[in-house]
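Student: Give me the fold of what follows.
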Amino acid sequence: MKQQAIRMKLSGALLAAVILTAGCGAGTNDTAADQPQTNEESTVTETGIDGEGQTQTSESDASDQKDDQAKMPAFTTKDLDGNTVTEDIFGEKDLTVLNIWGTFCGPCVGEMPELGEWAKEMPENVQIVGLVIDIAGEEDTEHREQAVNIMQNADADFTQMIVNADFADILKDVIGVPTTIFVDKDGNIVGDSVIGADVAAYKQFVEEYLDEQ
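Tutor: Numbers count the residues shown, from 1 in each chain. Purely as a prediction, here's the structure:
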């Protein structure tokens with residue numbers, strides 16, 4: 001996969017920039033499971049659960065891991081239409097597909113028509129929401145207009161949030177775009193992220209998640 005270093009300015013005085021390695025270019029789709037280390041692997045290492053110890057996990061260990069489950073931060077932002085959006089958006093559905101993307105990213109733009117079509121066919125308890133990472137605040141009308149045009153050309157009618165400093169804790173772990181994560185109605189991040197444009201993988205996760213509920 002072709003690597004491209006990008007520097008994204010975030011709204012607000014707390015963060016000047018977040019550096020991402022974009023997953024755009026060659027069109028190869030990688031899931032988080034293919035990466036050298038996932039959040040799940042980090043948890044195993046930190047708790048010392050390996051080998052024989054894996055069969056001796058106590059209830060308190062399991063409780064601690066649950067408490068440490070990654071969660072979306074509290075945030076207040078705007079969507080492309082100027083409406084205020086908060087973390088309460090996740091409580092509207094049992095599962096949210098959060099697609100993190102940028103207007104500079106070819107694969108991100110390329111998958112948008114398929115995402116738009118999928119959004120119209122989703123079960124009632126599932127939604128897709130976008131997070132545009134390269135709109136640097138309300139003053140950045142250039143990139144906002146680009147994002148609006150991309151959505152219109154793709155006939156994709158779902159909420160697109162504009163990034164700001166509130167999302168810093170999530171974006172620090174994003175190594176490429178598009179990255180798609182899955183959020184339950186309580187704001188917990190569930191399953192593994194999908195790195196790269198792979199709508200089939202998004203759909204597979206949603207189907208398997210709903211089957212387990």
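Student: what ranges do the strands span in this protein?
Tutor: 4-8, 18-22, 30-31, 76-78, 84-86, 95-101, 126-132, 160-162, 179-184, 189-195 (DSSP state E).
Student: Among those strands, which comes closest to Ala147?
Tutor: strand 126-132 (5.0 Å; CB to CB). All C-beta atoms are positioned from the backbone trio N, CA, C, and that covers glycine.
Student: helices and strands around that closest one, which ones?
Tutor: Packing partners of strand 126-132 (3 or more CB pairs under 8 Å, 6 or more residues apart in numbering; DSSP states H and E): strand 95-101, helix 106-121, strand 160-162.
Student: Tell me which of the ones you listed lies nearest to Asn153.
Tutor: Nearest of those to Asn153, taken as CB to CB: helix 106-121 at 8.1 Å.
Student: What residues sit buried inside that closest one?
Tutor: Pro107, Cys108, Val109, Glu111, Met112, Glu114, Leu115, Gly116, Trp118, Ala119 (16 or more other CB atoms under 10 Å).
Student: next one: stretch 90-110
Tutor: For stretch 90-110, using 16+ other CB under 10 Å, the buried residues are 90, 93-105, 107-109.
Student: end to end, how far does that stretch reach?
Tutor: 25 Å (CA to CA, to the nearest Å).
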